[in-house]
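*Asks:* I would like to see how this sequence folds:
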Amino acid sequence: MNTAGLIHTGTALAMLALVLLELRHPQFRADSFEAGPRRRRNWAFFVTSFIPTLVVQSAATWFQSHLTPVMRPGTLPPVLDFLACLLVAELVTWTSHWVKHQHPFLWRFHFQHHREEHFSVWMVTHTHALEVMLSGSMMVALLAWLGFAPESVQLYFAVYSVFLTYHHSALGYSLGWLDWLIISPAYHRHHHRRDGKGNYGGTIPFWDVVFGTVHWPEPETETAPVGLPPQAREPFGFRKEMLYFLSGGRERRS
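*Replies:* Numbers count the residues shown, from 1 in each chain. Prediction:
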């Protein structure tokens, strides 16, 4: 098995392990298997989440083959190449996340991720396919153009995928002092609070610290309600959420 195959297999196994561990949480089990609109919504998002993943992977292959990089791949040692790739990708992630919370129209492609009031790994799939395909393709195009090694790009997306699942867990994991370096469930849960602000980072809190949007979790974070307020105009339901960007209105979340 080549390097790409090992990375993809390791990523899939790690994410599967986190999902299986999440089954220990009663609310996650109920949202997964009890009949009702929430179960239908969750599984609809899950099924469609594979489409943008395949599109972005194909885009990465195409851009790496057709773009002329500004830096020759292999110029940096592998470890430095990956760290530089991580910082650039996380800057793009922070910026796009911040913009989607500020711009009313773009919020219509992001609110799906905040519509759920039950914090769990189901939230990882609660995304708009068009937004993921566009932002993901722009990301891989930039990283390919900058000349990062394909292995660094693949490893970044693997790390991002695993930690995205990790920090949406309802089980409240902690890595001790590493929570200062890697986004934890408590850190990201603050972002999902109804009164939450900031914490736009994807994998590391570095750019939140740089731009002053960091909010370290407080004791009440674990019990504070998440999701949109009861009076929110944004709909609940897969089809309605996917088509909401076609309607009028200027809602946004801070």
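
*Asks:* show me where pLDDT drops low in the stretch 1-150 of the chain?
*Replies:* The stretch 1-150 of the chain contains residues with pLDDT under 70 at 1.

*Asks:* ok, which stretches of it are helices?
*Replies:* Using DSSP state H, counting those that start in this stretch, the helices assigned to the stretch 1-150 of the chain run over residues 3-22, 26-33, 37-48, 50-66, 78-102, 104-107, 129-146, 150-166.

*Asks:* Name the residues that touch the third one?
*Replies:* It refers to helix 37-48. 31-33, 112, 118, 122, 125-127, 129, 236-239 (C-beta atoms under 8 Å, 6 or more residues apart in numbering). No exception for glycine: its C-beta is placed from N, CA and C like everyone else's.

*Asks:* Which members of the residues you listed are the farthest-apart pair?
*Replies:* Spatial extent of the contacts of helix 37-48 (C-beta to C-beta) is set by the pair 33 and 129 at 24.3 Å.

*Asks:* Pick out whichever of these two has more residues nearby.
*Replies:* residue 129 (18 against 11; other C-beta atoms under 10 Å).

*Asks:* Find the residue at the geometric middle of the protein.
*Replies:* residue 164 (5.2 Å; C-alpha atoms, centre = their mean).

*Asks:* That one and residue 202 touch, don't they?
*Replies:* Yes. Using C-beta atoms under 8 Å, residue 164 is in contact with residue 202, at 6.9 Å.

*Asks:* how close does residue 223 sit to residue 232?
*Replies:* Going from residue 223 to residue 232 by C-beta to C-beta, to the nearest Å gives 21 Å.

*Asks:* OK, contacts around the residue nearest to the centre of the chain?
*Replies:* Counting by C-beta under 8 Å, 6+ apart, residue 164 touches 124, 202-203.

*Asks:* one more time with 7 Å, if that's ok
*Replies:* 124, 202 (C-beta atoms under 7 Å, 6 or more residues apart in numbering).

*Asks:* gap between the residue lying closest to residue 92 once chain neighbours are set aside and residue 23?
*Replies:* Take residue 92 and drop its neighbours on the chain: the residue closest to it by C-beta to C-beta, 6 or more residues apart in numbering is residue 139, 5.6 Å away. Residue 139 is 31 Å from residue 23, where distance means C-beta to C-beta.

*Asks:* which of those two has more neighbours?
*Replies:* residue 139 (23 against 11).

*Asks:* Can you tell me what sits against stretch 57-67?
*Replies:* Residues contacting stretch 57-67 (C-beta under 7 Å, 6+ apart): 137, 140-141, 144-145, 150, 153.

*Asks:* Send me it as PDB with only the CA atoms.
*Replies:* Output of stretch 57-67 as PDB, limited to C-alpha atoms (Å, rounded to 0.1, in the frame of the first residue of the first chain):
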ATOM      1  CA  GLN A  57      -9.900  14.600  -3.500                       C
ATOM      2  CA  SER A  58     -10.300  14.700  -7.300                       C
ATOM      3  CA  ALA A  59      -9.600  18.400  -7.300                       C
ATOM      4  CA  ALA A  60      -6.500  17.900  -5.300                       C
ATOM      5  CA  THR A  61      -5.200  15.400  -7.800                       C
ATOM      6  CA  TRP A  62      -6.000  17.600 -10.700                       C
ATOM      7  CA  PHE A  63      -4.400  20.800  -9.300                       C
ATOM      8  CA  GLN A  64      -1.300  18.900  -8.300                       C
ATOM      9  CA  SER A  65      -0.900  17.700 -11.900                       C
ATOM     10  CA  HIS A  66      -1.800  21.000 -13.700                       C
ATOM     11  CA  LEU A  67      -0.600  23.900 -11.500                       C
END
